[in-house]
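Asker: Got a sequence here, can you build the structure:
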Amino acid sequence: RQAVVNDYVYILDNALKATFPVLNDIVNDITGVTRSYSICWTNTTAAECPTTYNSLRGGSAVSLFILNQAPARTQVIRVKVPIGNIQVVDKTGKPVVADVICSNVTDATDCDLFFRDQFAAYSLQSYTIQPSSKSISIKGERTVPFLAFSRTLKLSDTVSLVIYKSQQDFEFKQCKSKNKDCKSWNWKQDYRMYKSYVGKDQNSGVYIFRPDETTLNASIPYAELINSTLYQGAAVTVIRMYWKNMISDYRIWNHDPSGVEVETFIQPINIADGIGKEITINFQTTNLTNGNVFYTDSNGLEMQKRILNHRETWDLQVNQPVSGNYYPINAAIYLEDTDRKQRFTVLTDRSQGGAVIQPGDIEIMIHRRILEDDARGCVEPINETDYDGKGLRERVKHYIVFSETTENPNLFRQYQFWLDQTLDMNFVSGQTTEAEVRDVAFGEVLKLTDLPNLVKLFVTLEEEGTFLVRFHNLDDLNTKTFPLPDVFKTFSKIEETSLSANQLKAEMHARKMKWNEGITKESSAEGGSSLLINSPSAVDNIVLRPLEIRTFRLSNSARATA
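Answerer: This is a model prediction of the structure:
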């Protein structure tokens, strides 16, 4: 109910307000200099980030400290700014590659700064955003709904993107060398909808997705493309597409053109016709054949094979050809052409539902507004309103990843890893002195740099002097072996526990039901040997099988496991 939603917002807002002073203290401890930081969100306007907005408009600089709590990466940073006449420099005063795009047609002071740099593993790096006499604002090239001819954008020596005449059809072309041994991924992107079912039996609603008779087998178009604007900069290439009812941005990072970020801003769903609507974003591949097979993740982990209108353990009677083939997506959905050995993956920024109903067409539900309750416990329809009494507005992101199953089948996991391990940005008004501005590679000090790529590290305080440490291997294919980081060897005791840390792993296996006494110890081993060691310095290596998560309790005193 709406009161519950309001309560969630209230709780999350209070949590953020309580958490930020702690993060502020952590950054101060790392740098050794006391400052008062602020944070800004990129899903708002520049005016809602007073640190950058007021300082830059007033002719003052802003210091930016970026905390990377993951392995090294090259990444484009996005910051809301009010002007285009700015420059970004690193701690040495050297300019970094940057663009400013002012695409908000209703507010000239609502701009996006994009700059690119290499971020060391587990480090804090500092930058200065300062006013400049030279503008780095990129002029957009506005087009009419249909191009007179196709447009090819050269993203690198081996990668290009073709925008076809309709401006909704694209071709991503990747070559092993210049114009040799090339492969293409062709797709059309649009927005479609299902009309919500209302009747004497089961309505579509909060818990049930059920299209009406007119959209029972397929969705219908929802938004019409009006025009688009192309921005080509040094750090990023952006295609802004203006649709009826929404705006979308295609962003391609010029240093890493193997993926595309798609951000959609959805205007309120109109229900003046008395019909509920359920909106999808669709990526229809036109040169890949998936044979009624697609894959979705299981809680962000193993990808599950899905076959259209099929269940492994019983004969499915198809009454709902669309909703009966929808699956939860927590991280990714992909289809692949086994003959061409090409994969087209879409990652989400939140949990959503999706499917491949039509051949080669990935669809993901992104917004719903329904006028009737589905009688499953909520006792109200999905008909929330925004500040102006209209339906809710939504801003969602998706990431398209192009890969070959023989060359880099784990590529989408790399993107998932980056999305999960976001960079933390902290702002300070004014330019700090050279003595204050220093980068800190705390990962080298703590010996965290030995952690392999695609291994996540989670550390939580269980109680005073006791920590839970989790290592998660996001790699689908490869086992990761690495030494226990030195910082953890300062504890006197290390115990491996179950994933939920409510019992020792060895005890869990001892009490586990033995379903087949004939199974060998070798084939039943899970995650290698369990650790219960009083001297962590004796631990040589941590072994993580593909997608495995291992949990350890580190303490400086003996304690009983709950």
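
Asker: By mean pLDDT, flag the weakest helix or strand of this structure.
Answerer: Counting by mean pLDDT, DSSP states H and E, the weakest-scoring helix or strand in the chain turns out to be helix 521-524, with a mean of 42.

Asker: Could you pull out the buried residues of the longest helix seen in the chain?
Answerer: Longest helix in the chain, counting residues (DSSP state H): helix 2-31. Using 16 or more other C-beta atoms under 10 Å as the test for burial, helix 2-31 gives 24, 27, 30, 31. C-beta here means a position set from N, CA and C on the backbone, and glycine is covered the same way.

Asker: Tell me the one of those nearest residue 448?
Answerer: Nearest to residue 448 out of the buried residues of helix 2-31 is residue 30 (C-beta to C-beta; 13.2 Å).

Asker: Please tell me I have it right and that closest one contacts residue 122.
Answerer: No. Applying C-beta atoms under 8 Å, one finds residue 30 not in contact with residue 122, separated by 10.3 Å.

Asker: and residue 128, how many neighbours?
Answerer: 19 (other C-beta atoms under 10 Å).

Asker: Same check on the one 4 residues further on?
Answerer: Residue neighbour count, defined by other C-beta under 10 Å, stands at 15 for residue 132.

Asker: Residue 84 is in contact with that one, correct?
Answerer: No. Residue 132 lies out of contact with residue 84 (C-beta under 8 Å); the separation is 9.4 Å.

Asker: what are the ranges of the helices in the chain?
Answerer: 2-31, 50-57, 411-420, 442-446, 505-511, 521-524.

Asker: ok now do residue 3, which residues does it touch?
Answerer: Not one residue lies near residue 3 by C-beta atoms under 8 Å, 6 or more residues apart in numbering.

Asker: distance of it from residue 63?
Answerer: Distance from residue 3 to residue 63, counting by C-beta to C-beta, to the nearest Å: 41 Å.

Asker: What of residue 56?
Answerer: Taking C-beta to C-beta, one finds residue 56 at 12 Å from residue 63.

Asker: what's the answer for residue 57, then?
Answerer: Distance from residue 57 to residue 63, by C-beta to C-beta: 17 Å.

Asker: what does residue 292 give?
Answerer: 54 Å.

Asker: what would the buried residues of helix 2-31 look like in JSON lines with pLDDT and distance to residue 466?
Answerer: Rendered in JSON lines, the data for the buried residues of helix 2-31 read as follows (pLDDT from 0 to 100; distance: C-beta to C-beta, whole Å):
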{"residue": "24", "pLDDT": "82", "distance to residue 466": "25"}
{"residue": "27", "pLDDT": "77", "distance to residue 466": "25"}
{"residue": "30", "pLDDT": "73", "distance to residue 466": "23"}
{"residue": "31", "pLDDT": "72", "distance to residue 466": "28"}
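
Asker: got any ranges where the stretch 51-200 of the chain has weak pLDDT?
Answerer: Residue ranges of the stretch 51-200 of the chain with pLDDT under 70: 142-149.

Asker: Repeat the analysis, applying 80 as the threshold.
Answerer: 142-149, 165-167, 178-179 (pLDDT under 80).

Asker: re earlier: quick one, which of the helices of the chain gets closest to residue 218.
Answerer: It is, among the helices of the chain and with distance given as C-beta to C-beta, helix 411-420, at 27.1 Å.

Asker: Convert the C-alpha atoms of the closest one to PDB, please.
Answerer: What follows is helix 411-420, C-alpha atoms only, in PDB (Å, rounded to 0.1, in the frame of the first residue of the first chain):
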ATOM      1  CA  LEU A 411      32.100 -10.600 -20.700                       C
ATOM      2  CA  PHE A 412      28.600  -9.900 -19.300                       C
ATOM      3  CA  ARG A 413      29.800 -11.000 -15.900                       C
ATOM      4  CA  GLN A 414      32.500  -8.300 -16.100                       C
ATOM      5  CA  TYR A 415      29.800  -5.700 -16.600                       C
ATOM      6  CA  GLN A 416      27.700  -7.200 -13.800                       C
ATOM      7  CA  PHE A 417      30.800  -7.000 -11.600                       C
ATOM      8  CA  TRP A 418      31.300  -3.300 -12.400                       C
ATOM      9  CA  LEU A 419      27.600  -2.500 -11.800                       C
ATOM     10  CA  ASP A 420      27.600  -4.300  -8.500                       C
END
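
Asker: Give the other helices and strands that that helix contacts.
Answerer: Here helix 411-420 touches strand 332-337, strand 342-348, strand 394-404, going by 3 or more C-beta pairs under 8 Å, 6 or more residues apart in numbering; DSSP states H and E.
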